[in-house]
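> quick one, structure for this:
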Amino acid sequence: MQATNPSFTPGSNLYKREACNLGIQAEVSFLPCVSAEQKTKLLAECLCVLYTPENEHFGIVPLEAMAAGRPVLACKSGGPVESIIDRITGFTCDPCPKAFASVMEELFQNPEVATRMGLVGQQHVKIKFSRKTLGRQLHFHVNELCDGTRENEYSWSALNAMLFGIIFYIAVLFFMRLRF
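Numbering: from 1, shown residues only. So this is what the prediction gives:
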């Protein structure tokens, strides 16, 4: 098992101590920062990806995992609820160790389920989150704002939200660098 966490600091021994307490220190590697090449290798070698933040705004990690053909186990809150199709492309769980452990056990006992979910997840990401799809959605909404046909329904706050969406879309394209 390998754990990656961009906020993990080498001086923090909390996780290492916990691994020692559980007697699994020889089976767990902590990787505080990984390169794109390492990330690709880790995704190719894993059975699934655990994504544990609660109430995460969106989360690019679930999309990267699904694009790599890996199911995602995430908290049942925030962005993952929008990107993961529960029990189809991964699992959304209550934010407690028992819920995650139960789903992990299910996948370890039935790796063919993980494989099937991974394949469905790849297609899901290609269809719903590709550059082409997001570009079409963005184009539609910008045109809708600009043509004035829905003028009474939109306010400046909607325009601000649309501008934020454009910036967010550009950021996703920049950071994902995935070819769907």
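> any idea how far residue 19 is from residue 96?
Applying C-beta to C-beta, to the nearest Å, the value for residue 19 to residue 96 is 19 Å. Just so you know, the C-beta spots here come from the backbone N, C-alpha and C atoms, and that holds for glycine as well.
> which one of these two has more residues nearby?
residue 19 (19 against 10; other C-beta atoms under 10 Å).
> wait, doesn't that one sit right on residue 25?
Yes: counting by C-beta atoms under 8 Å, residue 19 touches residue 25, with 4.5 Å between them.
> what segments of the protein are strands?
Along the chain, the stretches classed as strands by DSSP state E are 2-4, 29-31, 49-51, 72-75, 90-93.
> what average pLDDT does the first one get?
To tie it back to what came earlier, the one meant is strand 2-4. Summarised as a single mean, pLDDT over strand 2-4 is 57.
> just the second one next, same as before
Rounded to a whole number, the mean pLDDT of strand 29-31 is 83.
> beta partners for the nearest residue to residue 104 once chain neighbours are set aside?
Spatial nearest neighbour of residue 104, chain neighbours left out: residue 73 (6.7 Å); criterion: C-beta to C-beta, 6 or more residues apart in numbering. Beta-bridge partners for residue 73, by DSSP bridges, are residue 50, residue 91.
> I'd like the distance between residue 73 and residue 18.
In terms of C-beta to C-beta, residue 73 sits 19 Å off from residue 18.
> one more: residue 127?
39 Å.
> double-check the residue nearest to residue 104 against residue 93; I have them as touching.
Yes: if you go by C-beta under 8 Å, residue 73 and residue 93 touch, sitting 6.2 Å apart.
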